[in-house]
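*Asks:* All I have is the shape, not the residue letters:
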């Protein structure tokens with residue numbers, strides 16, 4: 001997939017401009033973001049797209065010198081499982097996050 005970045009999100013669009021996958025994040029501090037939601041279009045779920053998106057986001061954060069935490073349950077779990085791959089990017093605050101699913105997302 002081709003990943004694009006805007007302020008506060010990573011995403012991929014199809015050739016008609018529809019969102020195929022997206023993660024939305026907010027800045028918590030000058031050097032830290034919190035991933036608030038993740039989305040993958042129904043027809044792409046179960047194919048590893050969300051994990052690919054998270055890995056692309058981690059590389060982006062590494063380039064920018066930022067750390068990540070997450071309130072999104074999927075992102076929080078992914079970060080926890082991949083601590084060993086991204087120890088310099090995943091925030092020490094990860095374990096203390098209040099995790100919840102955002103219900104107001106694309107369907």
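*Replies:* Perfect, thanks for sending it. Quick caveat, the model's predicted, so the values are computed rather than measured.

*Asks:* Give the buried residues for the longest strand that the chain contains.
*Replies:* Ranked by residue count, the top strand of the chain under DSSP state E comes out as strand 19-29. Across strand 19-29, burial judged by 16 or more other C-beta atoms under 10 Å covers 20, 21, 22, 23, 24, 25. For the C-beta atoms, the positions are set from N, CA and C on the backbone; glycine is no exception.

*Asks:* avg pLDDT for stretch 58-74?
*Replies:* The average of the pLDDT scores along stretch 58-74 is 94.

*Asks:* what about that stretch, start to end distance?
*Replies:* Taking C-alpha to C-alpha, to the nearest Å, the first and last residues of stretch 58-74 lie 15 Å apart.

*Asks:* where do the helices sit along the chain?
*Replies:* 49-64, 73-81 (DSSP state H).

*Asks:* Could I get those in CSV, plus columns for distance to residue 91?
*Replies:* Converted to CSV, those look like this (distance: least, C-beta to C-beta, whole Å):
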stretch, distance to residue 91
helix 49-64, 10
helix 73-81, 8
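
*Asks:* List the contacts of residue 58.
*Replies:* 68, 82, 85, 86, 89 (C-beta atoms under 8 Å, 6 or more residues apart in numbering).
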